[in-house]
Each structure stands twice: as structure tokens, then as C-alpha cells.
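Visitor: let's see this in three dimensions:
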Amino acid sequence: MNAEERFNEERAGRYDADIHKAIPGYEALHGMAGALLRLDLREDARVLVVGSGTGAEIVGLGAEEPGWSFTGVDPSGDMTAIARRRVADAGLAGRADLRVGYAHDLAPGERYDAATAILVMHFLPDDGQKLELLRAVSSRLEPGSPFILADLHGEPGSAWFERFFKAWKLYQLSRGRGHEHVEEQLRELPQLVHFVPEQRILELFDEAGFVETERFYAALLFGGWVARKA
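Guide: Model prediction:
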């Protein structure tokens with residue numbers, strides 16, 4: 001299932017409601033990501049948002065930092081359409097360039113002061129595509145720029161993974177997601193998400209030219225890391 005099918009108009013429309021129930025600490029994840037970016041960025045920073053989705057991340061960051069400008073890329077046209085409406089409603093259209101596509105579609109000369117890829121890379125297999133994404137981001141960042149990544153991760157079949165996978169299911173049910181909806185999502189997961197353990201994520205950061213990688217977020221199978229372009 002490609003991104004257009006995965007995030008078609010129906011799923012795009014319910015994405016925001018679902019994601020808050022599905023991911024433990026979702027709002028905290030974004031709040032911490034914003035705080036980490038603000039540690040380093042100047043008032044007129046240019047931020048690349050990979051997987052800009054429905055625009056919630058850009059709206060949140062843009063409200064906190066009125067001088068920042070954003071380029072968002074997302075392969076789903078339906079998600080991007082929602083993002084454009086949301087960004088316009090928030091009065092941020094003049095500061096946000098939203099494009100349907102991928103990070104590697106950006107012109108090689110485009111440069112940014114920071115980047116995020118939140119809940120994006122886990123959809124790519126580790127056959128060179130994860131590394132390609134990270135290199136596409138790294139090559140478009142100014143030296144020393146911060147990069148935030150958050151993903152599902154782990155080693156399926158391990159005791160740790162199986163325990164936390166079951167806990168994640170119970171968490172979603174406790175947040176009011178329907179049993180059939182959760183079961184459908186978890187059945188699809190092995191075909192949609194390409195899990196790798198944290199150590200592999202750290203190796204990929206290193207191979208893509210990032211340094212000083214630190215974990216800042218942990219929530220069951222979800223993790224968040226901040227790194228810096230060498």
C-alpha cells in the first residue's frame with residue numbers, strides 16, 4: 001500500500017482524531033520537538049517538515065515562532081489539501097510552502113536551518129530507502145542544524161517488542177478507539193511499518209552524516225531522537 005492509498009481522502013479526514021488516541025504522548029512529542037528546535041534556531045529560521053500531513057505540526061510551530069518559515073513535503077495529495085486549508089485558516093499561508101512529494105524531490109540547492117520527520121521513516125523498508133530519506137534531509141541542512149526524527153521501532157518477535165505491542169493495543173482501547181478499528185490497524189501494521197531496532201536507527205543517522213544523536217522521547221513502541229548535521 002503506497003502513501004496515496006494509505007492516506008486517502010477518507011483516512012486523511014480522520015487522521016487527526018485517530019492519531020491522538022493511537023500514540024501515547026503525541027502532543028508532548030510535538031511540544032518537546034518544538035522546544036528542542038527553539039534551543040538552536042534564530043528568529044527567521046527555515047524549517048523543513050518531512051511528512052507534513054494535515055499541517056498540524058506546521059501550525060503548531062508557526063504559532064509559537066512567528067518568524068519561522070516552513071517547507072512541507074508529503075506524498076499524499078489528500079493530506080496536503082487538508083494541510084493547505086488548515087495553514088490558510090491559521091494565517092500562515094505566506095510562511096508555509098506545502099508540496100506533494102518526497103524529501104528527495106527538493107532541489108539540491110535548497111537549504112534549511114532545521115528539519116523534522118515525525119512518524120515517517122518507519123513506512124520505508126531498510127533496503128536503502130530509510131538511508132535515502134535521511135541523506136536527502138542531511139544534504140539540505142546547513143552544517144550544525146538540528147534534525148528531529150520520531151518513529152515506531154523495535155525488533156518484532158523479541159520479548160520486549162511483543163510485550164509493548166500488546167500494551168499498545170490495550171492503550172488504544174483505553175483511549176476509546178473501537179476494538180474492530182484497532183484490530184484492523186494492527187493486522188495491517190506488518191505490511192505498512194518496517195521496524196528496525198534503535199541501534200539500527202543510530203547507525204542510519206551516522207551513515208547519513210548526523211552526529212550527537214540523543215533520544216528525547218519514549219512511549220511504548222515509539223521513540224524520538226534529535227541529531228545534528230555534521
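Visitor: what about V100, how many residues close to it?
Guide: 18 (other Cβ atoms under 10 Å). Any C-beta I mention is one placed from the backbone N, CA and C, and that applies to glycine too.
Visitor: from R84, how far out is it?
Guide: V100 is 10 Å from R84, where distance means Cβ to Cβ, to the nearest Å.
Visitor: for A96, same thing?
Guide: A96 is 8 Å from R84, where distance means Cβ to Cβ.
Visitor: can you list residues touching both of those two?
Guide: Residues within reach of A96 and of R84 at once, by Cβ atoms under 8 Å, 6 or more residues apart in numbering, are G55.
Visitor: which of the two has more neighbours?
Guide: A96 (25 against 17).
Visitor: how close does the residue of the chain most remote from its centre sit to F165?
Guide: For the chain, the C-alpha farthest from the mean C-alpha position belongs to A159; by Cα atoms, centre = their mean, that distance is 26.2 Å. Computed as Cβ to Cβ, the A159 to F165 distance reads 11 Å.
Visitor: same deal with L37?
Guide: From L37 to F165 the distance is 31 Å (Cβ to Cβ).
Visitor: these two: who's more crowded?
Guide: L37 (24 against 17).
Visitor: which residues touch that one?
Guide: Contacts for L37 were tallied using Cβ under 8 Å, 6+ apart; they are A45, V47, L61, A114, T116, P146, I148.
Visitor: so who does the second one touch?
Guide: Under the criterion of Cβ under 8 Å, 6+ apart, the contact partners of V47 comprise L37, L41, L61, W68, S69, F70, T71, Y112, D113, A114, A115, T116.
Visitor: neighbour-wise, which of the contacts of L37 leads?
Guide: If you count neighbours using other Cβ under 10 Å, the busiest of the contacts of L37 is T116, which has 29 neighbours.
Visitor: follow-up on the earlier one: next one: phi and psi at the residue farthest from the centre of the chain?
Guide: Main-chain dihedrals, A159, degrees, to the nearest 10: phi -60, psi -40.
Visitor: and the helix or strand harbouring R135, how far out from the chain's middle?
Guide: With secondary structure defined by DSSP states H and E, R135 is part of helix 129-138. Centroid displacement of helix 129-138 relative to its chain, using Cα atoms, centre = their mean, to the nearest Å, is 13 Å.
Visitor: for this protein, what spans make up the helices?
Guide: 3-6, 9-22, 26-40, 56-64, 77-89, 129-138, 159-174, 179-192, 198-207 (DSSP state H).
Visitor: also compute the angle for the lengthiest strand in the chain relative to helix 198-207, please.
Guide: Ordering each strand of the chain by length in residues (DSSP state E) puts strand 210-219 first. Taking axes from the mean of the first three to the mean of the last three Cα atoms, to 10 degrees, one finds strand 210-219 and helix 198-207 inclined to each other by 150 degrees.
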